[in-house]
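Asks: Dropping a prediction and its sequence here:
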Amino acid sequence: MANITATMVKDLRDKTGAGMMDCKTALNETGGDMEAAIDWLRKKGISKAAKKAGRAAAEGLVGVAVGKGAGALVEVNAETDFVARNDEFKGFVKAAADLALAEGGDLEKLLAAKHGTSNVQQTLTELVAKIGENMSVRRTVALSVNPGVVAAYVHNAASPELGKIGVLVALKSTADEGKLSALAKQIAMHIAAANPLALTPEHLSKDVVERERNVQWELAKQSGKPDAVIEKMMEGRMRKFYEETVLLSQTFVIDGETQVSKVVEKASKELGAPVAIEGFVRFQVGEGIEKVESDFADEVAQMAGTR
């Protein structure tokens, strides 16, 4: 049997909102597998949490840079938020974003790009030595479109073009660039808030869809109804899933009532030219990274040999 620690139980509770005993049971039933435990709770109807990302525990900043028909995001991590507020660190992230745009969102090329008297990687190494805290350029990406515009939005901004969440949206159209950019900015704000997984249902990972279908099937079976009826129920359940996770199917947070696809259709008519969302990307600092948290008192006790 897996060794289920209090920290594991707490992490599962933070992710699902389920009770402590339910979380412990779920972890025991799944051999300590966190993702399987989340699904176990959902199948039991104990947790309504879907696939919430693990607690975004790593610190740092996301930087954005936008040019004509193109944009780039870069995430640079640090150990503490104190460093993330450091002006020298912020300057480095902004410069890295600009270089990421020039290098087309290629991480290897970005790290080798000229920065000051050396390159990005060497500058970062020197910054680590100077500040005394580990840092890393974790990832970068770029979007481009022609004809059309790429717009960016930064949430929880530490300064212009730097923040905890960064979004890029590419709109393909021959419409007026100013009006197109305004629409793209609003869609980027929506993406920051709603965190869609894909543009359309077809763009969703097959594994993600299959996992959701399995969870919803188990929940529907609890009704005791025949499989034929459950299949009908599944259509509605999966439709709701797509409405929550697919950008074009989501309700636009700006007005709280219109489907994003309808917003784009309306814009096409008003701007006098077809408008299409060519692509989008959303970075949140530390998403998918779990910080190892330790109990300081326990550490001291262990060092003293009392535990």
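Replies: Ah, there it is. Predicted model, so just to flag it, every value in this text is computed and none were measured. Numbering: from 1, shown residues only.

Asks: for the protein, what spans make up the helices?
Replies: Listed from the start of the chain, the chain has helices (DSSP state H) covering 6-16, 20-29, 34-43, 81-84, 87-102, 107-112, 120-131, 177-194, 206-221, 227-245, 260-271, 296-304.

Asks: between those, which gets nearest to Gly71?
Replies: When the helices of the chain are compared by CB to CB, helix 87-102 sits nearest Gly71, at 6.8 Å. In short, each C-beta sits where N, CA and C put it, glycine included.

Asks: Can you report how many residues lie near Ser249?
Replies: For Ser249, the count of nearby residues is 20 (other CB atoms under 10 Å).

Asks: ugh, wrong one, I meant Leu143
Replies: When neighbours are counted by other CB under 10 Å, Leu143 registers 22.

Asks: Nearest approach to Val281 belongs to which of the helices of the chain?
Replies: The nearest among those, by CB to CB, is helix 177-194 at 8.7 Å.

Asks: and the angle for the closest one with helix 260-271?
Replies: Calculated by axes from the mean of the first three to the mean of the last three CA atoms, to 10 degrees, helix 177-194 forms an angle of 170 degrees with helix 260-271.

Asks: Surely Met189 touches Val260?
Replies: No - the criterion here is CB atoms under 8 Å, and Met189 misses it with Val260 at 11.9 Å.

Asks: that older thread, kindly present the helices of the chain as JSON lines, with separate columns for mean pLDDT, distance to Ala72 and mean neighbour count.
Replies: Formatted as JSON lines, the entries for the helices of the chain read as follows, by pLDDT from 0 to 100; distance: least, CB to CB, whole Å; neighbours: other CB atoms under 10 Å:
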{"stretch": "helix 6-16", "mean pLDDT": "84", "distance to Ala72": "31", "mean neighbour count": "17"}
{"stretch": "helix 20-29", "mean pLDDT": "87", "distance to Ala72": "39", "mean neighbour count": "18"}
{"stretch": "helix 34-43", "mean pLDDT": "87", "distance to Ala72": "31", "mean neighbour count": "21"}
{"stretch": "helix 81-84", "mean pLDDT": "86", "distance to Ala72": "19", "mean neighbour count": "17"}
{"stretch": "helix 87-102", "mean pLDDT": "96", "distance to Ala72": "4", "mean neighbour count": "20"}
{"stretch": "helix 107-112", "mean pLDDT": "95", "distance to Ala72": "9", "mean neighbour count": "17"}
{"stretch": "helix 120-131", "mean pLDDT": "90", "distance to Ala72": "13", "mean neighbour count": "16"}
{"stretch": "helix 177-194", "mean pLDDT": "96", "distance to Ala72": "14", "mean neighbour count": "19"}
{"stretch": "helix 206-221", "mean pLDDT": "89", "distance to Ala72": "26", "mean neighbour count": "15"}
{"stretch": "helix 227-245", "mean pLDDT": "90", "distance to Ala72": "25", "mean neighbour count": "14"}
{"stretch": "helix 260-271", "mean pLDDT": "97", "distance to Ala72": "23", "mean neighbour count": "16"}
{"stretch": "helix 296-304", "mean pLDDT": "47", "distance to Ala72": "39", "mean neighbour count": "10"}
